[in-house]
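**Q** Predicted coordinates and the sequence they were generated for:
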Amino acid sequence: MKYVIKLFLLVATLSLTLWQSIYGQGMYTVIDLGSLGGAFLLGQPNAINDKGHVVGKQLINGKFHGFIWKNGIMNDLGSLGNDTDPTDINNRDQVVGTSVLTSGEQRAFRWQNDTMISLGTLGGAHSRAEGINDSGQVVGWSQTSSGSALFLWQNDSMTALPISEGNEAQDIANNGHIIGVHRVHDSVSTFPRAFIFRNGVLTDLERLPGHFNSNVVASNESDAVVGSSSGVGGNAQAYYWRNGGVTMINTLGGNISFTTGLNDSGQVVGLARDATLQDRPYIWKDGTLTDLQTMIDPNSGWTDLRPLAINNRSEIAGLAFRNGSFHPVLLTNRAQITRPQAGERWIAGEQDTIRWTGRRQGQTLLVEYSADSGRTYSTISFGVDADSLLWTIPGAELTTRARIKITDITNPADSALSDTFKIKGYVLTRMTSQGHYEAFTPNLHGWNYRNGTLWPRSWWSGFNYATATDSNTNGLYPSFFW
């Protein structure tokens with residue numbers, strides 16, 4: 001029995017070494033994203049940006065609510081009337097998806113800064129948004145007055161793409177290249193085919209041998225595309241396409257695999273069937289596929305991982321099972337600061353608690369703060385080996401541009417930065433034209449009159465503030481002055 005345990009530990013060590021050599025990272029920490037209220041009974045994350053902010057949907061009282069999760073807090077996106085399904089988020093925290101009007105029509109939407117707007121249609125009743133890039137360009141599908149078309153929305157205007165028989169426009173990269181699916185025909189049948197649309201030219205993606213149906217899931221800035229395809233047998237097989245070459249993403253011993261996400265370094269996540277016909281979570285790069293379940297702590301209680309999206313920091317959004325139900329989760333190998341939150345006001349001279357998640361076992365941190373949006377930093381504590389820190393805030397601090405930074409002492413490249421928050425003591429302040437705090441100085445900032453003839457000293461110096469009477473009229477001051 002002992003040698004079996006030693007063999008398992010050796011295999012685990014070799015697997016971790018192989019993982020680190022391929023992906024440059026260690027074990028994942030699983031963060032439960034929580035819910036908008038009550039148990040998370042049905043729903044899922046759909047997308048994640050490079051800040052680690054996640055969007056998805058949750059069913060509450062028979063209605064799907066869209067959510068955005070960032071820095072430990074899940075918030076409701078609102079709706080255009082009924083169900084909401086966000087599908088993508090860019091690095092500016094702009095979110096797109098589909099929301100149902102009270103009249104029942106589906107409408108593509110964009111959400112930004114707590115405001116959701118309809119993107120309209122191309123003349124029909126329904127539209128759906130699927131992808132958005134960092135420039136704010138949106139792609140999707142819309143009904144027209146006579147049929148349907150794929151669209152590009154930019155500069156507050158929706159235009160039809162010149163792609164005939166389009167089924168969906170799935171994603172748009174920062175270079176403006178669009179991926180999607182359209183229908184092609186032969187003498188007897190119609191097939192869905194994956195395409196990439198670049199500079200006005202549509203190119204059908206090459207398929208795996210013997211396959212005639214194909215779809216797409218994601219693309220990256222190198223014009224790599226992932227999806228799945230199938231042939232006569234009907235079994236879906238994940239593929240990776242780039243520059244006219246298509247590669248099959250292998251399984252874990254079964255005959256089916258799917259892709260759910262791709263990042264700019266070529267990492268792919270999805271599900272692959274094993275020899276026991278169980279679907280297992282994987283991450284794949286350059287021909288090497290690794291079971292994601294082996295990359296989290298087996299004692300964490302999390303099982304049945306379902307990866308659904310991956311960002312350029314190799315963080316993964318998805319679902320995982322624990323305590324009898326699935327939860328929306330973030331897999332990360334980085335710490336994330338959850339307090340202070342964006343825009344919070346902390347009191348100078350008092351104590352408050354800085355909190356973070358995702359710290360790995362044995363990891364020690366340097367905790368710093370900045371009063372000028374991160375241009376300069378001061379040390380709060382060195383060698384922190386916990387998930388929170390009680391901080392005595394400097395009593396003289398006055399800023400609207402405070403930020404907290406935590407850094408791995410042994411790997412300074414591994415750091416996390418809080419959103420901007422405020423620090424203010426119990427002092428009278430005013431806001432400058434640049435939106436910063438400034439201590440109020442009555443002689444400098446207060447009302448005053450230099451013309452002694454307009455408000456002569458002999459008049460205002462006679463006010464009796466103790467008795468609230470006006471010496472000029474012998475009457476009481478109006479009550480709103482009291």
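**A** Cool, got the structure. Numbers count the residues shown, from 1 in each chain.
**Q** where do the helices sit along this structure?
**A** For the chain, the helices defined by DSSP state H cover 2-23, 442-445, 457-460.
**Q** Out of these, which gets the lowest mean score?
**A** For those, the weakest mean pLDDT is recorded on helix 2-23, namely a mean of 36.
**Q** residue contacts, residue 369?
**A** With contact set as CB atoms under 8 Å, 6 or more residues apart in numbering, residue 369 has these partners: 377, 378, 380, 391, 402, 403, 404, 405. No exception for glycine: its C-beta is placed from N, CA and C like everyone else's.
**Q** Beta-bridge partners for it, please?
**A** For residue 369, the beta-bridge partners are residue 378, residue 404 (DSSP bridges).
**Q** Need the residue closest to the centroid of this structure.
**A** What sits nearest the mean C-alpha location of the chain, by CA atoms, centre = their mean, is residue 53, with 2.1 Å.
**Q** And for the closest residue to that residue other than its chain neighbours, the neighbour number?
**A** Spatial nearest neighbour of residue 53, chain neighbours left out: residue 70 (4.1 Å); criterion: CB to CB, 6 or more residues apart in numbering. Residue 70 has 21 neighbouring residues, counting by other CB atoms under 10 Å.
**Q** try residue 395
**A** Counted with other CB under 10 Å, residue 395 comes out at 10.
**Q** dump the residue contacts of it.
**A** Counted by CB under 8 Å, 6+ apart, residue 395 has contacts 348, 349, 425.
**Q** Please apply the same query to residue 435.
**A** Counting by CB under 8 Å, 6+ apart, the residues that residue 435 touches are residue 400.
**Q** Look up how far residue 125 lies from the residue nearest to residue 53.
**A** Relative to residue 125, residue 70 is positioned 34 Å away (CB to CB, to the nearest Å).
**Q** Same check on residue 176?
**A** Distance from residue 176 to residue 125, by CB to CB: 28 Å.
**Q** returning to what we had before: now flag whichever of the contacts of residue 395 is closest to residue 249.
**A** residue 348 (54.1 Å; CB to CB).
**Q** Can you redo the contacts of residue 369 as a markdown table, where the extra columns are neighbour count and distance to residue 312?
**A** Listed next are the contacts of residue 369 as a markdown table, based on neighbours: other CB atoms under 10 Å; distance: CB to CB, whole Å:
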| residue | neighbour count | distance to residue 312 |
| --- | --- | --- |
| 377 | 17 | 25 |
| 378 | 10 | 30 |
| 380 | 19 | 29 |
| 391 | 18 | 31 |
| 402 | 25 | 27 |
| 403 | 21 | 22 |
| 404 | 24 | 23 |
| 405 | 18 | 20 |
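**Q** Export only the CA atoms of stretch 176-188, formatted as CSV.
**A** What follows is stretch 176-188, C-alpha atoms only, in CSV (Å, rounded to 0.1, in the frame of the first residue of the first chain):
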residue,chain,number,x,y,z
GLY,A,176,-12.1,43.2,-36.2
HIS,A,177,-12.1,39.7,-37.6
ILE,A,178,-15.4,37.8,-37.0
ILE,A,179,-16.1,34.1,-36.6
GLY,A,180,-19.4,32.4,-37.0
VAL,A,181,-21.5,29.7,-38.8
HIS,A,182,-23.3,29.8,-42.1
ARG,A,183,-25.1,27.3,-44.2
VAL,A,184,-23.6,25.6,-47.3
HIS,A,185,-25.3,23.3,-49.7
ASP,A,186,-24.4,20.3,-51.9
SER,A,187,-26.6,18.4,-54.3
VAL,A,188,-28.7,16.8,-51.5
